[in-house]
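1. Sharing a model prediction with you, sequence too.
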Amino acid sequence: VRNTMRRALFLLFALAWMAGARAVGPADGIYVCVDADGHKTYQNSAEGSACHRVDGIVASIPSSELPRGATPRPARPVISAASFPRVDMNTQRLRDADRRHILEEELRLEQEHLAHLRNEFNQGKPVPVSDEAVGSLHYQDRVQRLFEDIERSEGNVASLRRELTPIRF
């Protein structure tokens, strides 16, 4: 019984000593490890082949106080409606007129394009081109493309009309 007690006590001390050595060893340093892609990780153990100990790193948080003799940096200027550059009324009217003219021209061109597409679509029965028959797959694909182009063009016309509608407050 006495030998068993001694062995148990010896094992207990040995385990405690090993646990203490393990806790003290890695915790006393900081290691930087670089993986194959070049990413750095910092850890408290040197697990891996590309890890090395970093000594003398002191983490600090910068204070809000300025060192003696330093001058504070000026704050960024605040941009407000009052400090924003202004455009005189006549220049703005000319810009608005140019914008309206451009939108009206785009609307005219889009309406012409829509009229051309509707004419070619021919109420869902476009005239087949030389290499296609009325029921062929190529003909059906062309009819579907024309239908989608008409829908897109109608949406463009509606958007341009909305842009040309004056805003009422």
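-> It's in.
2. So in the protein, which helix runs the longest?
-> Longest helix of the chain, by residue count under DSSP state H: helix 89-121.
3. Sort out which residues of the helix or strand that that one is followed by are buried, please.
-> Where DSSP states H and E defines the elements, the next helix or strand beyond helix 89-121 is helix 137-164. Buried positions in helix 137-164, judged by neighbour count with 16 or more other CB atoms under 10 Å: 139, 142-143, 146, 149-150, 153, 156-157, 160. (Each C-beta comes from the backbone N, C-alpha and C, glycine too.)
4. Same check on stretch 104-117?
-> By 16+ other CB under 10 Å, the buried positions in stretch 104-117 come out as 106-107, 110, 113-114, 117.
5. who touches it?
-> By CB atoms under 8 Å, 6 or more residues apart in numbering, the residues outside stretch 104-117 that reach it are 146, 149-150, 153-154, 156-157, 160-161, 164.
6. okay, the residues you listed in TSV with distance to Pro77 and pLDDT next?
-> Output for those, formatted as TSV (distance: CB to CB, whole Å; pLDDT from 0 to 100):
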residue	distance to Pro77	pLDDT
Leu146	56	94
Asp149	51	96
Ile150	52	96
Ser153	47	97
Glu154	48	97
Asn156	42	96
Val157	45	97
Leu160	39	96
Arg161	42	95
Leu164	38	93
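7. Nearest to Arg99 among these?
-> When these are compared for distance to Arg99 (CB to CB), Leu164 comes out closest, at 9.7 Å.
8. Please name the spatially closest residue to the closest one (chain neighbours excluded).
-> Spatially, and ignoring its direct neighbours in sequence, Leu164 is nearest to Leu103 (5.4 Å; CB to CB, 6 or more residues apart in numbering).
9. And the one you found, how far from Pro166?
-> Remark: distance between Leu103 and Pro166 (CB to CB, to the nearest Å) = 12 Å.
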